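Peer 1: only the shape, not the letters, is given here:
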């Protein structure tokens, strides 16, 4: 789990984390704000199998509420992380 983040409507919020997969390179990081029903993919070219990948994701909330950002990696074999990491976001007006 990534720590809870607090934000305001209309102001960008940035999340950061790391991904690694021993023996495989990370080819993409995927993000979901709807419990994993839909994923937004960001390819990560030029990685290798011994490198930790540091990622950032910026989101600008349009309305107040509680959100859960799910994050998973995809390795060069096309396999997803066994479990997605998540971050809680509390957005106020």
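Peer 2: Structure's in. What do you need? Quantities reported herein were computed from a predicted structural model and do not represent experimental measurements.

Peer 1: list the contacts of stretch 43-56.
Peer 2: Residues from elsewhere that reach stretch 43-56, judged by Cβ atoms under 8 Å, 6 or more residues apart in numbering: 14-29, 42, 71, 73, 76. (C-beta placed from N, C-alpha, C; glycine too.)

Peer 1: and the residues you listed, which are buried?
Peer 2: 15, 17, 19, 21, 24, 25, 26, 27, 28, 29, 71, 73 (16 or more other Cβ atoms under 10 Å).

Peer 1: quickly list what the third one is bridged to.
Peer 2: On the basis of DSSP bridges, residue 19 takes part in beta bridges with residue 53.

Peer 1: wait, it sits on residue 26?
Peer 2: Yes: with contacts counted by Cβ atoms under 8 Å, residue 19 reaches residue 26, the gap being 5.0 Å.

Peer 1: shared neighbours of those two, anything?
Peer 2: Counting by Cβ under 8 Å, 6+ apart, the residues touching both residue 19 and residue 26 are 53, 73.

Peer 1: work out for me the element the residue nearest the centre of the chain sits within.
Peer 2: The centroid of the chain falls nearest to residue 71 when counting by Cα atoms, centre = their mean (3.4 Å). Per DSSP states H and E, residue 71 falls inside strand 65-75.

Peer 1: quick one: mean pLDDT for that strand?
Peer 2: Mean pLDDT, strand 65-75: 95.

Peer 1: contacts for it?
Peer 2: With Cβ under 8 Å, 6+ apart, strand 65-75 has contacts from 2, 15, 17, 19, 21, 24-33, 35-36, 39, 41, 53, 55, 57, 59, 61, 80-81, 83-91.

Peer 1: how much space separates the nearest residue to residue 20 once chain neighbours are set aside from residue 44?
Peer 2: Counting by Cβ to Cβ, 6 or more residues apart in numbering, residue 52 is the residue found nearest to residue 20 once chain neighbours are left out, at 4.6 Å. Computed as Cβ to Cβ, to the nearest Å, the residue 52 to residue 44 distance reads 12 Å.
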